[in-house]
Every structure is written in C-alpha cells, then in structure tokens.
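# quick one, structure for this:
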Amino acid sequence: MAIATSSLLYLNSPISRPLINSQSREFLRSPSGFRVRTRTKSVSLSVTRAEAGLQKEDIVIVGAGIAGLATAVSLHRLGIRSVVLEQADSLRTGGTSLTLFKNGWRVLDAIGVGSDLRSQFIEIQGMVVKAEDGRELRSFKFKDEDQSQEVRAVERRVLLETLADQLPPKAISFSSKLAKIEAIKNETLLELMDGTRLLAKIVIGCDGIRSLVAKWMGFSEPKYAGHCAFRGLAFYPDGQPYEPRVNYIYGRGLRAGYVPVSSTKVYWFICYNSQSPGPKITDPVLLKRQAKELLRNWPAELLNIVDITPDETVIKTPLVDRWLWPVASPPASSGKVVLVGDAWHPMTPNLGQGACCALEDAVVLASKLASAIKSGPTSVDDAFQEYGSERWPRIFPLTIRANLVGSLLQWDNPVVCSARDNVIVPKLVNIGSMLEHTNFDCKPLIVKA
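The predicted model follows:
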C-alpha cells in the first residue's frame with residue numbers, strides 16, 4: 001500500500017491515511033539527526049516516506065493514556081516532536097477518578113497544566129478512617145503532617161483532555177493499534193493492525209498494564225494481587241454534601257472509600273478479596289448491583305453514594321502489579337525502545353501513586369531525551385539507561401509497599417482485623433512517614449536557547 005508523505009497536522013484517524021506534506025524553518029536538525037524546535041511556537045511536521053508503504057518517524061509514543069500524553073507534552077515543551085499512536089478511535093475517557101498527591105501536581109505544574117486542573121477540582125484537606133460499624137479509628141489533616149502536601153481527586157477524562165489540548169492539532173493518531181514490533185538495525189519497525197508500517201528511531205511504550213511493547217522487551221505479565229475493585233463517580237446535580245476529605249472504611253477482606261472530586265461529583269471505590277479476577281463483566285447495571293451487595297450491612301451513607309451513581313460510570317478491575325526484581329527483570333529500555341508508567345511498573349492503587357509515578361517518569365525521560373537528542377545518537381541509549389537507573393530505586397520499593405499496604409488492609413482474619421483496627425491504625429501508623437514518598441522535585445520544562 002503506497003503511503004503519501006504526510007503531515008501530523010491532519011492526523012485525526014489511522015496514521016496511514018493520505019496527509020499533506022509540510023516543511024518548516026521552525027525545526028532544525030540536531031547532531032543526532034532528530035528534528036528539534038527553535039524558540040518559536042511548535043507545530044507538528046511531516047512523516048517522510050522511506051519506501052512504498054513504510055513511513056519514517058523520529059519518536060513514536062505508543063498509547064494515549066496519562067503516561068503517553070504526559071510524555072508527549074513534556075517533549076513538546078522541550079521542543080521535541082513526537083507521534084502518539086492510540087488504538088481507540090478517540091481519547092479513552094472512560095473510568096472514574098484518580099488521586100494526585102503533591103508529586104503529581106509538581107509534574108503538572110512543570111508541563112503547564114496544573115493551574116487549569118486545580119480550578120476544576122477540590123483540594124482534599126485530610127482523611128478519616130472508620131471501621132465497618134461506623135467507629136472512627138483515625139483522622140488527620142494532610143497539611144498538619146506536611147505543609148507542602150497537595151491532594152486532589154481528578155477525573156481521568158478531564159486530565160486526558162487537558163493534556164491532549166497541549167499538543168499540536170491532530171498530533172494523536174487514533175485507530176492505530178499496534179500489532180507487531182521488530183528491531184531493524186538501529187531503528188524499530190512498528191506494524192499496525194490495519195497494515196500501516198512505521199520505522200521509528202525511538203519508541204516509547206506507554207501502552208498500559210497489558211503493554212505489547214513490554215511483552216516484546218521480555219517483561220512478564222502483571223501478577224494478580226488477590227483482590228478486585230469496583231469504582232464509580234456519583235453525581236449530585238444540586239451539589240454534593242461532603243467535607244473535602246478522604247473517607248475510608250475497613251472491614252474483613254473488604255474495604256471501601258469515597259472522596260469529593262468537585263462541587264457535584266464524588267468518587268468511590270470498593271475493594272474485595274477474590275481468589276481470581278473472575279469473568280469480565282461490562283454491564284454497568286450488573287456491576288452496580290454487585291457493588292451494592294458487598295455493602296449491604298455497611299453504613300447507609302456509602303450505599304447512598306453508590307445508589308446515586310450513574311450506571312455508566314461504574315467499573316470493575318482486578319488489581320495487578322509487577323515487581324521489578326534486580327537482575328531478574330529486564331531494564332526499562334532496550335536499545336532505543338523504552339517504557340513509561342504502567343507499561344513498565346504497574347502497581348496497585350493503595351498508595352495513590354500509579355498516575356503520579358507515570359507523570360514523574362514522563363518528565364524525567366523527556367528531560368534526558370531532549371538533552372541527548374541535541375548531543376548525538378549514541379547519547380540516546382545512555383539517556384535511556386540513566387532514566388532506568390534513576391527511576392528504578394523509586395519505583396521498585398513503591399510497588400512492593402503498595403502491595404503490602406493492600407494486603408494489610410485486606411486482612412479477613414477476625415483476630416488480625418481487630419489488631420489492625422484497635423492497635424495498628426489508631427496507634428502505630430506514622431502518617432508523616434506514610435507520605436514521604438510524595439516528595440519529588442521537578443522544575444518547569446522549557447525550551448532552552
């Protein structure tokens with residue numbers, strides 16, 4: 001299939017469709033041969049044709065989730081263009097909400113979207129933990145533990161749309177599902193399901209927990225953690241009535257929680273033990289019924305929140321992670337292919353750090369890659385290795401810690417649960433140390449002269 005030389009300014013469907021060629025004095029060739037931006041405003045430029053049916057690209061990002069879009073935006077701010085491949089026909093704005101701590105917000109500030117998002121979501125002041133009988137076990141305010149702490153629950157849809165809006169028009173190629181990867185000398189051949197072939201100098205895998213890029217690099221499948229979660233986003237058209245705090249309820253082999261997201265929305269979750277993930281269910285009415293059944297003897301407040309939730313927002317997911325054991329696990333990169341976010345280090349949500357760590361990955365990788373591209377092709381390999389070496393000591397302990405915290409909270413032995421509720425949570429847990437992992441320094445990303 002012959003593919004015309006194309007411009008990403010017109011990429012709103014599969015990347016193989018005929019597009020318009022463009023050239024610009026705004027981009028210059030670096031010593032490594034990559035296109036980099038001068039200090040003027042960036043636009044996305046052309047995909048050149050190496051041969052009939054084969055398109056050439058400098059940087060291809062696989063996946064337009066949080067990790068992929070944050071990486072693309074970070075590179076864009078540093079004057080580096082990229083192509084983002086997304087298998088869906090539009091942004092995957094399903095799902096509910098995610099909690100971002102101060103490390104996530106520092107990244108969002110660095111890439112220029114923090115202020116816009118803050119204006120839409122409530123700052124969470126603290127947390128209260130209760131037993132399933134309604135008894136309060138512990139409460140605290142975040143800023144009493146760390147004055148610089150910032151916590152907000154953010155709608156996934158809004159976060160993705162905000163990130164996508166920072167990219168040049170049509171910079172994301174939708175309906176572009178990856179089918180095959182092949183290394184060819186110093187480049188990587190990507191074949192899409194529709195037969196389109198791209199030859200990329202650099203591939204950044206941001207394709208989530210079931211990453212095809214990670215599988216090609218030799219990573220194992222993420223491991224099921226032994227519990228599943230229901231999630232939903234309740235809607236109150238006349239305004240939600242809850243205080244700006246995280247509300248946790250602990251039971252035996254079951255826990256739940258809710259947190260205000262905005263003036264009209266409240267995010268909730270229910271996590272329960274299960275020997276296996278069970279069959280995949282997509283009917284939201286059935287999912288909502290199952291969620292309510294788990295809470296039948298719990299405080300009515302939580303049941304009321306689930307009741308008022310629009311059916312279409314209710315989802316169920318098995319919780320999985322991947323422990324990146326030294327030596328036994330592949331490195332984050334192989335040649336000029338590298339992983340970011342869940343594609344590399346899926347973790348359970350018990351510390352609220354999955355999205356935050358993906359955002360951290362994005363700015364660290366983009367900064368190192370931008371410097372390397374302006375130096376020479378051999379520097380790219382070094383940059384990827386530095387990225388992996390810098391990020392692994394942070395990611396690996398957090399993944400294990402999140403798993404262990406989840407196991408602690410999912411205990412179902414009555415004696416152990418009694419110790420948790422009467423001794424461990426109210427007397428032994430040091431809240432300040434529990435938040436130390438949210439410390440992360442991040443400077444604004446700007447194009448240097």
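
# so G239 touches S263, yeah?
Yes: using Cβ atoms under 8 Å, G239 makes contact with S263 at a distance of 5.7 Å. C-beta coordinates here come from the backbone N, C-alpha and C atoms, glycine included.

# looking at these two, which is more packed in?
S263 (12 against 8; other Cβ atoms under 10 Å).

# so where's this structure uncertain?
The chain contains residues with pLDDT under 70 at 1-52, 377-378, 448-449.

# run me through the strand neighbours of the lengthiest strand in it, direction for each.
Ordering each strand of the chain by length in residues (DSSP state E) puts strand 223-235 first. Strand pairing for strand 223-235, determined by DSSP bridges: strand 265-273 (antiparallel), strand 315-321 (antiparallel).

# could you save these as TSV and add columns showing distance to H345?
Compiled in TSV, the strands paired with strand 223-235 are given as follows (distance: least, Cβ to Cβ, whole Å):
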stretch	distance to H345
strand 265-273	20
strand 315-321	8
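
# ranking those by burial, who's on top?
strand 265-273 (a mean of 22; mean count of other Cβ atoms under 10 Å).

# run through who's touching that one.
96-97, 153, 155, 226-236, 240, 242, 253-261, 291, 294-295, 302, 305-306, 309, 319, 406, 409-410, 412 (Cβ atoms under 8 Å, 6 or more residues apart in numbering).

# for the stretch 101-250 of the chain, what spans make up the strands?
With DSSP state E, counting those that start in this stretch, the ranges of strands along the stretch 101-250 of the chain come out as 126-131, 136-141, 152-155, 172-173, 178-184, 187-192, 197-205, 223-235, 245-250.

# need these in TSV (columns: mean neighbour count and distance to S367).
Below are the strands of the stretch 101-250 of the chain laid out as TSV (neighbours: other Cβ atoms under 10 Å; distance: least, Cβ to Cβ, whole Å):
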stretch	mean neighbour count	distance to S367
strand 126-131	19	33
strand 136-141	15	34
strand 152-155	24	23
strand 172-173	25	22
strand 178-184	15	26
strand 187-192	20	22
strand 197-205	25	14
strand 223-235	20	31
strand 245-250	21	32
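
# so what secondary structure elements neighbour the longest helix along the chain?
Criterion DSSP state H: the longest helix present in the chain is helix 377-409. Packing partners of helix 377-409 (3 or more Cβ pairs under 8 Å, 6 or more residues apart in numbering; DSSP states H and E): strand 223-235, strand 315-321, strand 333-334, strand 337-339, helix 354-373.

# hmm, back to that, now the angle from the longest strand of the chain to helix 377-409?
Orientation check (axes from the mean of the first three to the mean of the last three Cα atoms, to 10 degrees): strand 223-235 against helix 377-409 gives 80 degrees.
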